[in-house]
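Engineer: Okay, predicted coordinates and the sequence, questions at the end:
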Amino acid sequence: MGTKLIEETGDSLLFHFKIILVSIISMLWIQTLSAIERRKDQFSDQLGYMVVPAPYSLPGLGEGWVLLASTNNAILDYGDIYGYGIMGDAEGYGFGASDIHLIPKTLMIEYSSERISKASKMIFHKRGMNSDKEVAISPLISLTTASASTCEAS
């Protein structure tokens, strides 16, 4: 009985030694990965902006215009602000702000809000190259206000 206890203790020590060895190797390997340099800076501060007017004509939805606008890195060095307005048969608007740094390069918040009164989605009962275009239906969907906000730490 005494030799069996010694064998079990030896097996247990060997098992713990293996776990400790694997843990040390894993930690050293993770440290080498964190030392890899980025090819591009994670937080670009180059100013950018865009304004795009776009007409639309969609079956089941109607016709009108969409105005998209975006500015990048315009708020507190890294913050982005973007929005859109829909004029015509599908009325609506949307707004968002992202990468607003509460603690520089560490803690950021994002906000998004939109309101669309009408939208359409094509539904195909049968799909494929040989299906008829009349197979698709476009039900109208009424949407209400939606908003979201997130906070992330890097």
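Structural biologist: Structure's in. What do you need? These figures come from a predicted structure and were not determined experimentally.
Engineer: C-alpha only now, for contacts and for neighbours.
Structural biologist: Will do.
Engineer: Sheet partners, orientation included, of the helix or strand hosting Asp80?
Structural biologist: Secondary structure here is read from DSSP states H and E; on that basis Asp80 sits in strand 79-88. Taking DSSP bridges as the criterion, strand 79-88 pairs within the sheet with strand 62-75 (antiparallel), strand 92-103 (antiparallel).
Engineer: buried set for the longest one?
Structural biologist: If I follow you right, that is strand 62-75. Gly64, Trp65, Val66, Leu68, Ala69, Ser70, Thr71, Asn72, Asn73, Ala74, Ile75 (16 or more other CA atoms under 10 Å).
Engineer: Need the contact partners of that strand.
Structural biologist: 44-57, 78-90, 100 (CA atoms under 8 Å, 6 or more residues apart in numbering).
Engineer: out of those, which are buried?
Structural biologist: The neighbour-count criterion (16+ other CA under 10 Å) marks 56, 78-87, 89-90, 100 among the contacts of strand 62-75 as buried.
Engineer: Identify the farthest-apart pair in these.
Structural biologist: Spatial extent of the buried ones among the contacts of strand 62-75 (CA to CA) is set by the pair Tyr78 and Asp89 at 35.8 Å.
Engineer: for the buried residues of strand 62-75, which one is nearest Arg39?
Structural biologist: Distance from Arg39 was checked for each of those by CA to CA. The minimum falls on Asn73, at 19.7 Å.
Engineer: Tell me who's in contact with the nearest residue to that closest one once chain neighbours are set aside.
Structural biologist: Nearest residue to Asn73, sequence neighbours excluded (CA to CA, 6 or more residues apart in numbering): Gly79, at 4.8 Å. By CA under 8 Å, 6+ apart, the residues touching Gly79 are Asn72, Asn73, Ala97, Ser98, Asp99, Ile100, His101.
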